[in-house]
Each structure stands twice: as C-alpha cells, then as structure tokens.
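Undergrad: Need the 3D shape of this:
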Amino acid sequence: MNGNPASAWRVYRDPRILRMLVLGFAAGLPLLLIYGTLSFRLREAGIDRATIGFLSWVALVYAFKWTWAPLVDRFDIPFLGARLGHRRAWLLAAQCAVAAGLLCMGRFDAQTQLPLLAASALFTAFAGATQDISLDAYRIESAPPELQGALAAAYQAGYRIGMIWAGAGALWLAARAAPTPDGYHPGAWTAAYGVMAGSMIAGMLAVLATPYHAKPAPRQDGATPPGILAPFADLARRYRHHALALLGLVATYRLANIVMGVMANPFYHDIGFTKDQVAAVSKIYGLAMAILGGLVGGAMTARHGIARMMWIGAFFSSASILLYAWLATRGADLTVLVLAVSTDNFAEGIAGTVFIAFLSALTRSEYSATQYAALSSLTLLLPKFIAGFSGVAVDAVGYPAFFAACAASGVVALGFLWSVARVSPAVLAGPRS
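TA: Numbers count the residues shown, from 1 in each chain. Prediction:
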C-alpha cells in the first residue's frame, strides 16, 4: 500500500487509538514482573542464574493460553457479562486478578518463600494471559482491517510503556524504598509490587470507558464444525496448503529477542550497573524509542503493507542484539548501554507492531479470541522453552557469545519468512476472510 506519508499518520486521530494505548499498558504490566524484573529481584536475593532461567518458564503460561481461550470466546462471566458486555467483563475480571497476583508476589520473600513467590507468579501469568486473550479479541473485533496497523501500534506502544514501568519503574521504586543502596531488601520489593498492582487501575478505568461492543456471532459455512473446535478447524481449513511454513514463521519470528530477554536484567546486575542506572536508561531512552518504533511501525505498515515490514522488523530486531554482545565486552559503559537499549527498543517497536498486525490478519472476527490466542501462544512456546536454559548457556559460554548466538538465531525467522513469501505471498498481506 502506497500513499501520502502524512495520510498514514492521520490514522492515529481515531479515538479508539487512545483507549488501546491505555489497555496496552495494562496488558504489558504483568509480563515483565513475572519475567525480567523478577529475574533482577531473584539475582539480587542471591538466587543462582540456572534457577532464574528455569523459573522463567512461569511465562510459558502465555504460550498455552489457547487452551482456555475457547472458554473466553464462548462463555459470559455471570453478572459482569450482562452489564459490561462479553469482552469488557472478561477484561475487567482478568485485570482484577492480575492486581491480586502482583500483591501476593510482593508479599513473599525470594530468599525464604521462593515456592510461594513462584506460585504467585504463576497465578499472575494466568490472569495476564487471560487479559491478553480478551484484549486481543476486542482489538480485532472493534475495527476494520485497515485500522489494525494503527491499533497494533497503539497497543504495542502502551504495552511497551507498561513493560518500562514494570521494569524501570519497579527498579526505581525498589531502590527508593530500600533503607540502604546496597543489598537485598524484601520490604522494598513489597512496596514496588504494591505500586505495580495499583497501576492496573488505569486499565480498569479504560475498560469502563470503552463503549459496549457485541461479540460477533459465529458463522457456520458448512466447512467448519460448530463448537469449541470450530476456531482451530477454521484455521486449518484456510491455511492447510502452507501450514508448516506459516507455523514455523509464527513460532520463530520473536525467538531471538525473547530468549535474550531473560538474561538481560541479570546481565545488567552482573556487569556492574545499578538499579538506578538501569531504570533511568530504560525509562528515558527505552521508553521514547519503544513508542517511536511502534508509531513508525504502524505508519509504515499502513503505507507499505505487512509483507515488506515483516522483513524489516525481523532483520532489525535480531541485529540490534549484537549491541548487547558489544556491551558485554565493554563493562559498565553507560553510553553503550544507552545505545543498546535505545536501538533494541526501537527495533522491537517496529517488529512488534507489524507482527501483531500480521497475526490479526490471519484471524476471522467471530473466532478472534481463540485464533489470535493460538497464534500468539505459538509465538511464545518455543522461545520461552529455550529461554529456560539461558542461564545455563551464559554459565557455559559467557554473555558475549550468548548475545551473539541470540542475534544469529534471527536467521531462522528470516528463512521461514522467505518460505512463506515464496509459497504464498498473499498470506503475508491478505485481509481477514
């Protein structure tokens, strides 16, 4: 799609964009608190890297959200469903559960109550994944295909703001609440996670401000069986001729960045950066570049289409990891940290926006919750599993080689992208049917 560059940016005037920005913030908040921020917290508490890596498997819950997504698609929540509508009721209930889970995570000490902390993280992951199911479905159902790129950009920008707040914000709060600048202080993390739980109120207010939206009724076209299996059967019917290449692309497109993400915060700690330094760089440079990357990705997708932007996003997001390999050889060099974090966030903003638009285009609106959940779950399954061994890998080869290997793994996604583009280029850019 080509056109006037200015016209591509006017899409952000739609009022649905601002609401999606806030809802994206609420969706991005829990993931880092059970993932990257928790890794920093555990390392500060003296937990070994191998254990930290294995505990990152808690986030695999997001990779299995497709198993209960049909229930979210099919059943209403009593009382709330009749008053708020199907999607809003599920969103609000999930957000309340996330807040409760974060409060529990803050209460338990990583040194003496690690199993309870892990269980609380598991509950929070389940609630966060349920929020994602509902929000993704609402985003897809509430706007036509031509607006999905902009909605994806707003969602991605909000998501990144939520992740920055859950990462840099939580570190900053923990540092402020600690009685001394050094050492592990459980009470400081209790305070930080309490503020994070309270931050979910923003998402709750956005849900209440969102207009009532009726869920599309399932269409029965004779080729798709009714019932809970219908969404999966519909995907299989429509994409059966290029299923393997398509599934490979979905499973590996975010592989490089997800695998390196588990060890990013332990890396900052081990190389000598303080919580304040990491928080400041992530909050200022990371946040600005993440938002800019998301907006650029949305505008470029609207102008050039999904197919071309998928190539740019895959290459740029993988190549940016090489800056972390360079940082690992430089020590606590604040300038290189700024460069690495800024470039990585900008690249992730572009890649994340176009990938969300790509997955959304593969779904059919009446099955949006289940189909998007299945596809986005596949995005996480292999990377999260491999990421569980990231601590072992760092212990074996060191940080420079680990980050270089993560960057090189992006070649796998490029290979599947080439295969899909060669076999069926329409799959990369076709609207939902």
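Undergrad: low-scoring stretches of this structure, by residue?
TA: Along the chain, the model assigns pLDDT under 70 to residues 1-13, 15, 144-146, 212-227, 241, 283, 365, 423-433.
Undergrad: For Y372, what is the enclosing helix or strand?
TA: Using DSSP states H and E, Y372 sits in helix 368-387.
Undergrad: Report all helices and strands that that helix contacts.
TA: Secondary-structure packing of helix 368-387 (3 or more CB pairs under 8 Å, 6 or more residues apart in numbering; DSSP states H and E): helix 69-74, helix 114-141, helix 230-239, helix 243-252, helix 255-271, helix 334-362. Any C-beta I mention is one placed from the backbone N, CA and C, and that applies to glycine too.
Undergrad: Counting neighbours, which bits of the first one end up buried?
TA: Yep, that's helix 69-74 we're talking about. Neighbour-count burial for helix 69-74 flags 69-70, 72-74 (criterion: 16 or more other CB atoms under 10 Å).
Undergrad: Can you add distance to L171 and give the residues you listed back as CSV?
TA: Converted to CSV, the buried residues of helix 69-74 look like this (distance: CB to CB, whole Å):
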residue, distance to L171
A69, 33
P70, 38
V72, 33
D73, 37
R74, 40
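Undergrad: and of those, the nearest to L249?
TA: Ranked by distance to L249 (CB to CB), those are led by A69 at 20.6 Å.
Undergrad: Can you say which of the helices and strands packed on helix 368-387 is nearest to Y399?
TA: helix 255-271 (5.6 Å).
Undergrad: from the chain's centre, how far out does the closest one sit?
TA: Offset of helix 255-271 from its chain centre (CA atoms, centre = their mean, to the nearest Å): 15 Å.
Undergrad: Now for V296, how many residues are close by?
TA: Look at V296: counted by other CB atoms under 10 Å, it has 17 neighbours.
Undergrad: roughly how far apart are it and G313?
TA: Counting by CB to CB, to the nearest Å, the gap from V296 to G313 is 11 Å.
Undergrad: Between these two, which contacts overlap?
TA: I350 (CB atoms under 8 Å, 6 or more residues apart in numbering).
Undergrad: can you tell me the helix or strand for L287?
TA: Assigned by DSSP H and E, L287 falls in helix 287-304.
Undergrad: export that helix as CSV, just CAs?
TA: The C-alpha trace of helix 287-304 is given here as CSV (Å, rounded to 0.1, in the frame of the first residue of the first chain):
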residue,chain,number,x,y,z
LEU,A,287,10.5,4.3,26.5
ALA,A,288,11.0,7.0,24.0
MET,A,289,12.4,4.7,21.4
ALA,A,290,9.8,2.0,22.0
ILE,A,291,7.0,4.5,21.4
LEU,A,292,8.7,5.9,18.4
GLY,A,293,9.4,2.5,16.9
GLY,A,294,5.8,1.4,17.4
LEU,A,295,4.4,4.6,15.8
VAL,A,296,6.9,4.3,12.9
GLY,A,297,6.0,0.6,12.5
GLY,A,298,2.3,1.4,12.4
ALA,A,299,2.6,4.2,9.9
MET,A,300,5.0,2.3,7.7
THR,A,301,2.7,-0.8,7.8
ALA,A,302,-0.2,1.4,6.7
ARG,A,303,1.8,2.8,3.8
HIS,A,304,3.9,-0.1,2.7
